[in-house]
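Asker: how would this look folded up:
(one chain, ligands or ions: 1)
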Amino acid sequence: MKDRGKKAAALALLLGLCLYVYMATDAPDQNPYLITDYSRLRPVKVDRVVPGHEEDQLVELVREAKAKGLTLSIAGQRHSQGGHTYYKDGIMVDMTSFNRILDVDPARRTIRVQAGATWEDVQEAVNPYGLSVKVMQSQNIFTVGGSISINAHGRDIRSGSLIKSVESFRLLLADGTIQTVSRSENEDLFPLALGGYGLFGIILDVTLTLTEDELYRIETEPVTTADYSEYFANKVQADPQIRQHLARISVAPDSFLTEIVAINYRLENKEPLGPYRKLKAGDQGVLPSKLLFQLNRSSDWGKNVFWQTQHKYYDSLQGDLISRNNAMRSKSAFMEYTAASSHDLLQEYFIPVDRFADFVSAVGPILQEERLNLLNITVRYVQEDRESLLSYAAKDSFALVCLFHLPITSEGQARSQKAIQRLLDAVIDHHGTYYLPYAPFPSLEQFRAVYPQEKSFFEKKRLYDPGGLFRSYFYEEYKGDDR
Ligand SMILES: Cc1cc2nc3c(=O)[nH]c(=O)nc-3n(C[C@H](O)[C@H](O)[C@H](O)COP(=O)(O)OP(=O)(O)OC[C@H]3O[C@@H](n4cnc5c(N)ncnc54)[C@H](O)[C@@H]3O)c2cc1C
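Answerer: Numbering: from 1, shown residues only. This is a model prediction of the structure:
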C-alpha cells in the first residue's frame with residue numbers, strides 16, 4: 001500500500017514536470033500570417049511563400065518578380081536567425097520541396113542533389129554505398145543550399161569548411177539565366193554565392209565530394225580552459241587517427257569557463273564497420289533532456305546540475321563505437337523552445353587557436369557584468385579558409401558556439417544587443433571573427449572590422465543583381481547606406 005502511494009506520487013511528480021516543461025518551452029505564440037525565422041524576431045508580412053518544385057517554375061518566378069518590382073528571398077529550413085530568408089512584402093522561395101537526390105557516383109565519390117535536400121536526405125542516399133558527407137553542421141536537419149550559402153562547418157577537423165567539399169553548383173541568377181559555377185567555370189561566382197547568403201541567386205543543385213564512412217571510438221577527457229589550446233595541438237590535431245572533435249565549456253557557476261569536456265572520435269581499425277553502419281533513428285529521450293535544459297535556463301542551481309549531468313553523460317560514452325554517418329546525426333529536438341516571452345539565440349565567435357584562453361578570460365567578466373543567461377558553449381575547430389569572400393576563418397581557429405537565453409521584448413533585445421556588442425569588441429581585440437547566420441546584434445562598424453572583404457562582396461552583389469532582386473534583412477542591415 002505504502003509502495004503504491006510512493007509510485008503514484010512519483011508518477012504525479014513526473015507528469016507535473018512534463019507539463020511544466022511543455023508549458024515553459026512549447027507554448028506556441030507565432031502569428032501564422034507573419035513570416036519570421038528560427039529567432040522569432042522581426043515577423044513581417046510577405047507577398048507570398050512559393051514552394052520550389054521545378055526549374056522552369058523558378059525561372060518564371062524570377063521573371064515575374066522582376067516584372068512586378070517584387071523582391072525574392074530564398075529559404076531552406078530557416079534556421080538562420082537574422083532575417084536572412086525573408087523580406088517584407090517580398091516573395092519567399094521555400095526551397096525545402098526542391099529536394100531530389102539527382103545522382104550518387106560511388107566511383108567518383110560524389111553526390112548531386114537539389115538544394116532543398118537536407119543532410120539527412122544526403123546521408124540516407126550515401127550510406128548504402130559506405131560513403132559519408134565530408135563537412136556539415138553537427139545536426140542533419142539543415143538544407144544543403146542553406147548550408148553552402150552560409151559555408152557551414154562541423155566536427156570534422158581534417159576537411160576544412162563546407163566550401164572545400166563543393167565541386168560545383170548551378171545558380172539561377174537575377175537576369176533569369178542558369179549558370180554552372182565551379183572553380184574553373186564562372187569561377188568569379190564561386191566565392192560569392194558560397195557563403196553568399198542567398199544574395200547572388202537561387203542555388204538549384206550542388207555536386208559535393210564525399211568521403212568513406214568509418215568506424216570511430218569515442219574518447220572523452222576533462223581539460224582546463226588554460227590547457228585547451230595545447231591539448232588540442234598536441235593530443236588531437238597531432239594524432240591523425242582522431243578525425244572529429246568537439247568540446248564543451250562549463251557555464252555552470254561552480255566551474256564557470258574553467259572546465260572543459262573534450263570529445264574525440266578516434267578511427268577504429270580493429271572492429272568492422274558493418275554492424276554499426278545502420279543509420280540511427282531520430283531523437284530519443286527528448287523529454288528528460290528538455291527538462292534538464294529547462295533547469296539550465298532557469299537557475300544557477302539548474303546550470304550546475306546540467307553541467308554535472310552532461311559530464312556523466314559524456315563519461316558514459318567513453319569507448320563507444322559509432323559510425324561516421326551516425327556521429328554526424330546528433331540530437332537537437334531537446335533544445336526546441338517556442339515560449340512567448342523569451343527565446344534561445346546563438347552567437348558564434350572564431351578565435352585564433354593561440355588566443356583561446358586569453359579570450360575566455362576576457363569575456364568571463366563581461367558575461368557576468370551584463371548578466372547574460374548563457375546556456376552552453378560548444379567548441380569546434382575550423383581550419384583557415386579564405387576561399388569564400390565573406391570567410392569567417394581568417395586563421396586556424398576555435399569556433400565558440402554560444403547559446404543565450406534572452407528576453408524577446410524590444411527593451412530586452414536592446415539590452416542584449418549592447419551586451420553582445422561588448423563581447424564582440426573582445427572578439428575583435430583577440431583578432432577573431434563572428435558567424436553571420438545569427439541574430440544581427442553586431443554593429444555595422446563591427447561587421448566591417450571583422451569582414452574586410454565586405455566592400456567587394458557588396459560591389460559584386462550590385463554587379464550581378466543591379467535591381468536588388470534578391471533581398472533580405474541581413475542585406476539591408478549590413479550593406480551600409482553610405483556607399
Ligand atoms: C540549433 C542550430 C544548430 C546549428 N549548428 C550549426 C553548426 O554546427 N555548424 C554551422 O556551421 N552552423 C550551424 N548552425 C547555423 C546553420 O547552419 C545555418 O543557420 C544554416 O543556414 C541553416 O540551414 P537552413 O537550411 O536552415 O538555411 P536557411 O536558414 O533557410 O538559409 C540560410 C541562408 O542561405 C540562403 N539560402 C538557402 N537556400 C538557398 C538556395 N537554394 N540558394 C541560395 N541561397 C539559399 C538563405 O537565403 C539564407 O541567406 C546552427 C543553427 C541552429 C539553429
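Asker: all helices of the stretch 51-200 of the chain, in order?
Answerer: For the stretch 51-200 of the chain, the helices defined by DSSP state H, counting those that start in this stretch cover 55-68, 119-126, 144-150, 190-193.
Asker: most tightly packed of these?
Answerer: Burial of the helices of the stretch 51-200 of the chain is given as mean neighbour count (mean count of other Cβ atoms under 10 Å); helix 144-150 ranks first at a mean of 27. Any C-beta I mention is one placed from the backbone N, CA and C, and that applies to glycine too.
Asker: on that earlier part again, turn the helices of the stretch 51-200 of the chain into JSON lines, including distance to Phe470.
Answerer: Below are these laid out as JSON lines (distance: least, Cβ to Cβ, whole Å):
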{"stretch": "helix 55-68", "distance to Phe470": "9"}
{"stretch": "helix 119-126", "distance to Phe470": "24"}
{"stretch": "helix 144-150", "distance to Phe470": "11"}
{"stretch": "helix 190-193", "distance to Phe470": "10"}
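Asker: and the ligand, which of these is closest to it?
Answerer: helix 144-150 (2.1 Å; Cβ to the nearest ligand atom).
Asker: check whether that closest one comes near the ligand.
Answerer: Yes. Under the criterion of Cβ under 6 Å from any ligand atom, the ligand is reached by helix 144-150 at 145-147, 149-150.
Asker: any idea how many residues pack against Gly69?
Answerer: 8 (other Cβ atoms under 10 Å).
Asker: how near is the spatially closest residue to Val206 that is not a sequence neighbour to the ligand?
Answerer: Take Val206 and drop its neighbours on the chain: the residue closest to it by Cβ to Cβ, 6 or more residues apart in numbering is Phe169, 4.4 Å away. Remark: distance between Phe169 and the ligand (Cβ to the nearest ligand atom, to the nearest Å) = 9 Å.
Asker: what of Tyr197?
Answerer: Distance from Tyr197 to the ligand, by Cβ to the nearest ligand atom: 4 Å.
Asker: who in the protein is up against the ligand?
Answerer: So the chain meets the ligand at 38, 74-80, 84-85, 95, 115, 137-139, 142-143, 145-147, 149-150, 152-154, 197-198, 202-203, 332, 346, 437, 472 (Cβ under 6 Å from any ligand atom).
Asker: kindly give a single PyMOL line that selects the buried subset of the residues you listed.
Answerer: The buried residues among the residues of the chain next to the ligand can be selected in PyMOL (16 or more other Cβ atoms under 10 Å) with this line:
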select buried, resi 38+74+75+76+77+78+79+80+84+85+95+115+137+138+139+142+143+145+146+147+149+150+152+153+154+197+198+202+203+346+437+472
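Asker: if we can go back for a sec, quick one, what contacts the residue nearest to Val206?
Answerer: Counting by Cβ atoms under 8 Å, 6 or more residues apart in numbering, Phe169 makes contact with 115, 148, 180-182, 193-194, 203-207.
Asker: and which of the residues you listed is nearest Leu424?
Answerer: Distance to Leu424 across the contacts of Phe169 (Cβ to Cβ) is lowest for Leu194, with 24.4 Å.
Asker: of all the helices of the stretch 51-200 of the chain, which one is nearest Val305?
Answerer: Across these, closest to Val305 is helix 119-126 (Cβ to Cβ), at 31.7 Å.
Asker: I would like the residues contacting that closest one, please.
Answerer: So helix 119-126 is contacted by 99, 101, 104, 111, 113, 132-133, 136-137, 139-142, 144, 147, 208, 210, 213, 279, 325, 328-329 (Cβ under 8 Å, 6+ apart).
Asker: also stretch 399-418?
Answerer: 40-41, 153, 249, 297, 335, 340-351, 359, 370, 372-382, 420, 435, 441.
Asker: just the strands from the stretch 101-250 of the chain, written as ranges.
Answerer: When assigned using DSSP state E, counting those that start in this stretch, the strands of the stretch 101-250 of the chain occupy the ranges 101-105, 110-114, 131-133, 166-172, 178-182, 202-212, 215-224, 242-249.
Asker: the longest one pairs with which strands, and in what direction?
Answerer: What it means is strand 202-212. Strand 202-212 sits in its sheet next to strand 110-114 (antiparallel), strand 131-133 (antiparallel), strand 166-172 (antiparallel), going by DSSP bridges.
Asker: next, the buried residues of it.
Answerer: 202-211.
Asker: ok, back up a step: may I see the residues of helix 144-150 next to the ligand organised as TSV, with distance to Asp188 and pLDDT added?
Answerer: Output for the residues of helix 144-150 next to the ligand, formatted as TSV (distance: Cβ to Cβ, whole Å; pLDDT from 0 to 100):
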residue	distance to Asp188	pLDDT
Gly145	20	98
Gly146	22	98
Ser147	22	98
Ser149	17	98
Ile150	20	98
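Asker: want to throw those residues into TSV with distance to Lys395?
Answerer: Listed next are the residues of helix 144-150 next to the ligand as TSV, based on distance: Cβ to Cβ, whole Å:
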residue	distance to Lys395
Gly145	28
Gly146	26
Ser147	22
Ser149	23
Ile150	19
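Asker: closest to Ser165 out of the residues you listed?
Answerer: Checking these one by one against Ser165 (Cβ to Cβ), the nearest turns out to be Ser147, at 10.6 Å.
Asker: pull the helix or strand with minimum mean pLDDT from this structure.
Answerer: The weakest-scoring helix or strand in the chain, judged by mean pLDDT, DSSP states H and E, is helix 2-25 (a mean of 61).
Asker: now Tyr276. Nearest residue, chain neighbours left out?
Answerer: Nearest non-adjacent residue to Tyr276, counting by Cβ to Cβ, 6+ apart: Ser323, 4.6 Å away.
Asker: next up, the contacts around that neighbour.
Answerer: By Cβ under 8 Å, 6+ apart, the residues touching Ser323 are 213-216, 273, 276-277.
Asker: likewise Phe470?
Answerer: For Phe470, the contacting residues are 71-74, 174, 198-201, by Cβ under 8 Å, 6+ apart.
Asker: and it, bridged to which residues?
Answerer: Beta-bridge partners recorded for Phe470 (DSSP bridges): Leu72.
Asker: what does Leu406 give?
Answerer: His343.
Asker: how about Leu295, nearest residue that isn't a chain neighbour?
Answerer: Spatial nearest neighbour of Leu295, chain neighbours left out: Gly302 (3.2 Å); criterion: Cβ to Cβ, 6+ apart.
Asker: thank you, goodbye.
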